[in-house]
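Colleague: Need the 3D shape of this:
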Amino acid sequence: MNVFKRLSDIIEANVNSALDRMEDPEKMIDLSIRELEDAIVKMRANLREKKAETANNDDLIRELKSGIERWTERARLAAEKGEDDMAREALLEKRGLKEKLSLAEETKETLSHLLLVTEENIRDAEEKLSEMKMTSATLKARARLAKDRMEVNKAAKEKENSSYARRIEELKLKIEKWESIANISHADMKREERPSFEDLEKENEIEKELEALKKEKKDNDTKTE
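Modeller: A predicted model of the protein is given here:
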């Protein structure tokens, strides 16, 4: 029936929701089975109650029919004896019983319909329960596989992010090392460009010798004139 189709859809939706929330889908499947088992127990209890009501109502119908026959005979007897008042009284009692009988017969029809519907619901529920139990292993396996895949993907993503962060940190350290080496080399080059005291002294001596040569040449030129 549609009610159990809807129940099946709800159960499947609950399992999917459990996967989305990373809950335990196997427990959700077991819980769904127990809920359906509980529903069947309640329906069977309701069926027993309706059968008991039906039995009581059948007894009432038999009693009312018997009472109607009895008051019919009394009314006939009173009329034959010329006791019209007693006959009328018997007929009134008979009418009252017939009204009650009409209600009891309507109740019987209602109970009969409820019994049929309840029995049909129980059969459908039992079939659905049997189907769920047979497919529960497959559903659990699918749920475990889906959950495992989600966890693997999550772990892989976390690992990838961690590896990426580690590579960035290593690259940063290398760059800092290169910068440090570059700064040291630059300082060394500056130190190499600056002359030493010995170089200055040698250069000064050369300058003095050069000045002496120039002066000597100038003196020779003056003498020649």
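
Colleague: Output the lowest mean pLDDT helix or strand found in the protein.
Modeller: Taking mean pLDDT, DSSP states H and E as the measure, helix 2-20 is the helix or strand of the chain with the lowest mean score, a mean of 52.

Colleague: what's the following helix or strand after that helix?
Modeller: Once the chain leaves helix 2-20, the next helix or strand it forms, by DSSP states H and E, is helix 25-80.

Colleague: helices and strands around that next one, which ones?
Modeller: When contacts are defined as 3 or more CB pairs under 8 Å, 6 or more residues apart in numbering; DSSP states H and E, helix 25-80 packs onto helix 2-20, helix 84-193. (Each C-beta comes from the backbone N, C-alpha and C, glycine too.)

Colleague: other SSEs contacting the longest one?
Modeller: Same thing as helix 84-193. Other helices and strands packing on helix 84-193, by 3+ CB pairs under 8 Å, 6+ apart, are helix 2-20, helix 25-80.

Colleague: Would you mind giving the domain segments of this structure?
Modeller: Using automatic domain parsing, the domain parsing of the chain gives 2-157, 197-225.

Colleague: Go through these and name the closest to Arg166.
Modeller: Distances from Arg166 to each of the domains of the chain were compared using CB to CB; the minimum, 14.9 Å, belongs to domain 2-157.

Colleague: for that closest one, the distance to its chain's centre please.
Modeller: Remark: domain 2-157 is offset 31 Å from the chain centroid, using CA atoms, centre = their mean, to the nearest Å.

Colleague: What of stretch 171-182?
Modeller: 49 Å.

Colleague: Contacts for it next, please.
Modeller: Under the criterion CB atoms under 8 Å, 6 or more residues apart in numbering, not a single residue lies in contact with stretch 171-182.

Colleague: Same question for stretch 39-50.
Modeller: For stretch 39-50, the surrounding residues in contact (CB under 8 Å, 6+ apart) are Leu111, Leu114, Leu115, Thr118, Glu119, Asn121, Ile122, Ala125, Glu126, Leu129.

Colleague: quick one: the closest residue to Trp71 other than its chain neighbours and Glu198, what's the gap?
Modeller: What sits nearest to Trp71 in space, not counting adjacent residues and going by CB to CB, 6 or more residues apart in numbering, is Lys94, at 4.0 Å. Distance from Lys94 to Glu198, counting by CB to CB, to the nearest Å: 150 Å.
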